[in-house]
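# One predicted model, sequence on top.
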Amino acid sequence: MSETTDTGETAETVLIAGTASHAGKSTLAAGLCRLLACRGVSVAPYKAQNMSNNARVALAPDGEWGEIGVSQHVQARAARVPATTDMNPVLLKPRGDGESQLVIDGEAVGHFAAGEYYESHWETARDAAVAAHRRLAADHDVIVAEGAGSIAEINLHDRDLANVECARFADARILIAVDIERGGAFASLYGTLELLPDDVRERVAGAVITKFRGDPSLLEPGIAEIEDRTGVPIVGVVPHDDPGLPAEDSLSLPDAGDAGGGGGEGSRAALGADDGVPDAEVVRIAVPRLPRISNFTDLEPLAREPGVRVAYVPLDASARDPLADADAVVLPGSKNTVDDLLALREAGLDEAIRRFEGPIVGICGGYQILGKQITGADIEGTGSRSTVEGVGVLPVETHFSPDKRVERVTRSVDGIGPLAGATGTATGYEIHMGRSSPAESVARPVGPESAATDRALGTYLHGIFENETVREAFVERAFAAAGKSRPAAGSRAGDGDATAEADDRSPYDRAADLVADNVELDALGIDALALGDRG
């Protein structure tokens, strides 16, 4: 049975909501997208409103490039369709002190505090979300929508665009993800259902328990009672299994207090620490944990390389030498470059970076931080704009202006410094405010605004390590700096891009298997078009 939305289009919409943030919604959505795509169904992902500093570039309705949250970009790949800004028409990018940059249909429209957004811009955002859903519904048979946080935030029910409003204007059936790893799963589900508006409660088709470890039969008494109390069926128990999809927000990062060293107990908190390579044979890539870190998924391809540990270093002013056991350093993107630079300086990490002798890479905001100075800077909380001295390991000056660059690009690679030996091209995307001017004599190995010396590289190219030739060169340089031999190439994981897509056990396929093997899809009410074996 197809549903007719209040936009006038006919489409099936399933909304995967949650009892809390980080409950597995994104994985379920990606898995369902891939599963339906494999069965020949025209499916598209959708999230009416997202809040994330991990963004990707996608095509906007006007044919220009815009930005969307990383999860919808991932889900579009799972669905085997091009990513568009319709899949995430409203994106909020937090920048500190309760303020976020508002992105509508892929374009940044301003910075607003939460109260101002809800009072003056929420209706505009809702209109954009409805229009985007209408366009997707016209082109696809099924829309897999993802909620945000908890669907039961009663203080937001009159303006909950990603959950309550989406369920209503999309006429969606709702599947609720319940994270059992946090504890209190049945209480969370019961409370969530009790707090839903009546019309939204009626749309709940079922719930899925996620991240379960152990014997599912142990849950049977609880499942029977919660179904009896609520009338909502538990349609699946999904085991704790990370398929390897890129993370959406910093909740997925190792705990700030357990960034870990090159070996020992703490190193197990570093990304990549589950590859079985002995601690004595690994290299450690230190990533300063900037307060306003963004697009840290740029580091995930490195963490998939056997023997590589990506350790997030807290900005701790009391640390004697936070980079003492690092073999390489990567500075990731930042939603507020200047304030993260000042936080880095207050912790003494700027001096530690200047002393560091191994390879250093700065991406986007991290690149700007590594330069000599930043002009036109917006100092958070003061409203002033001035010049701020950078770390100074790259001969680059950055000037900020209101213009924002959002584009997918391909750059020629001239491997020097941290990328010594890399050749060919590198594809990725740029999302940044500010333009950087390298000194005339500096090498520019990945495009005109990049810069490199023998030990440091700066680039605006997000996704740079998804390119095999670049990743291989940097990892080889890290092992050389550590004086260690790299593990055998045969055990390395493929990158998260074309290589993984060619693998029949890619992250998308593993997510699809989690859904197919553990969720009763017929409970969602998707008709034979979606459930038939067509592919």
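On my side now, so go ahead.
# So for the residue in the chain sticking out farthest from the centre, what pLDDT did the model give?
Distance from the C-alpha centroid of the chain, by CA atoms, centre = their mean, peaks at Asp228 (37.3 Å). Looking at Asp228, its pLDDT stands at 97.
# so where's the longest strand in this structure?
strand 396-412 (DSSP state E).
# Show me what that one is packed against.
Here strand 396-412 is seen to pack against strand 55-59, strand 65-69, helix 365-370, strand 373-379, strand 425-438 when contacts are counted using 3 or more CB pairs under 8 Å, 6 or more residues apart in numbering; DSSP states H and E. Where you see a C-beta, it was placed from the backbone N, CA and C, and this is true even at glycine.
# Pull the residues that contact the second one.
By CB atoms under 8 Å, 6 or more residues apart in numbering, the list of residues contacting strand 65-69 from outside reads 47, 50, 52, 54-60, 83-85, 87-88, 91, 103, 105-108, 248, 406-408, 431.
# what are the pairing partners of that strand, and which direction each?
strand 55-59 (antiparallel) (DSSP bridges).
# tell me the mean pLDDT over the partner strand?
For strand 55-59, mean pLDDT is 95.
# likewise stretch 401-411?
Per-residue pLDDT over stretch 401-411 has a mean of 90.
# list the buried ones in it?
Neighbour counts over stretch 401-411 (16 or more other CB atoms under 10 Å) mark 406, 408-409, 411 as buried.
# How about stretch 449-464?
By neighbour count, with 16+ other CB under 10 Å as the criterion, the buried positions of stretch 449-464 are 449-453, 455-464.
# so what's the residue nearest to Asp141 when sequence neighbours are not counted up against?
Of all residues beyond its chain neighbours, the one nearest Asp141 is Ser42 (4.6 Å), with distances taken as CB to CB, 6 or more residues apart in numbering. The neighbourhood of Ser42, defined by CB under 8 Å, 6+ apart, consists of 139-142.
# try Ala60
For Ala60, the residues meeting the contact criterion (CB under 8 Å, 6+ apart) are 66, 84-85, 105-107.
# Now, those residues that are in strands?
66, 107.
# Take the contacts of Ala60 and write them to a markdown table, including distance to Phe400.
Output for these, formatted as a markdown table (distance: CB to CB, whole Å):
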| residue | distance to Phe400 |
| --- | --- |
| Gly66 | 21 |
| Thr84 | 29 |
| Thr85 | 24 |
| Asp105 | 24 |
| Gly106 | 21 |
| Glu107 | 18 |
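# Among the contacts of Ala60, which one lies nearest to Ser21?
Thr85 (23.0 Å; CB to CB).
# Give me the pLDDT for the closest one.
Among the per-residue scores, Thr85 holds a pLDDT of 98.
# ok, it touching Ala129?
No: Thr85 is beyond contact range of Ala129, at 11.2 Å (criterion: CB atoms under 8 Å).
# can you give me the strands in the stretch 401-535 of the chain?
Using DSSP state E, counting those that start in this stretch, the strands of the stretch 401-535 of the chain run over 425-438, 451-452, 456-459.
# likewise the stretch 1-150 of the chain?
Per DSSP E, counting those that start in this stretch, the stretch 1-150 of the chain carries strands over the ranges 3-4, 10-18, 43-46, 49-51, 55-59, 65-69, 90-96, 99-104, 107-113, 142-146.
# Figure out which of these is closest to Arg289.
Using CB to CB as the criterion, the shortest distance between Arg289 and these is 14.7 Å, found for strand 90-96.
# hang on, the earlier thing: just name the most buried of the strands of the stretch 401-535 of the chain.
Highest mean neighbour count of those: strand 456-459, a mean of 28 (counted as mean count of other CB atoms under 10 Å).
# packing partners for that one?
Taking 3+ CB pairs under 8 Å, 6+ apart as the contact definition, the neighbouring helices and strands of strand 456-459 are strand 360-363, helix 365-370, strand 451-452.
# Contacts made by that strand with the rest, please.
Contacts of strand 456-459 from elsewhere in the structure, counted by CB under 8 Å, 6+ apart, are 359-364, 366-368, 370-371, 393-394, 396, 417-419, 436, 445-447, 449-452.
# Sweet, I'm off.
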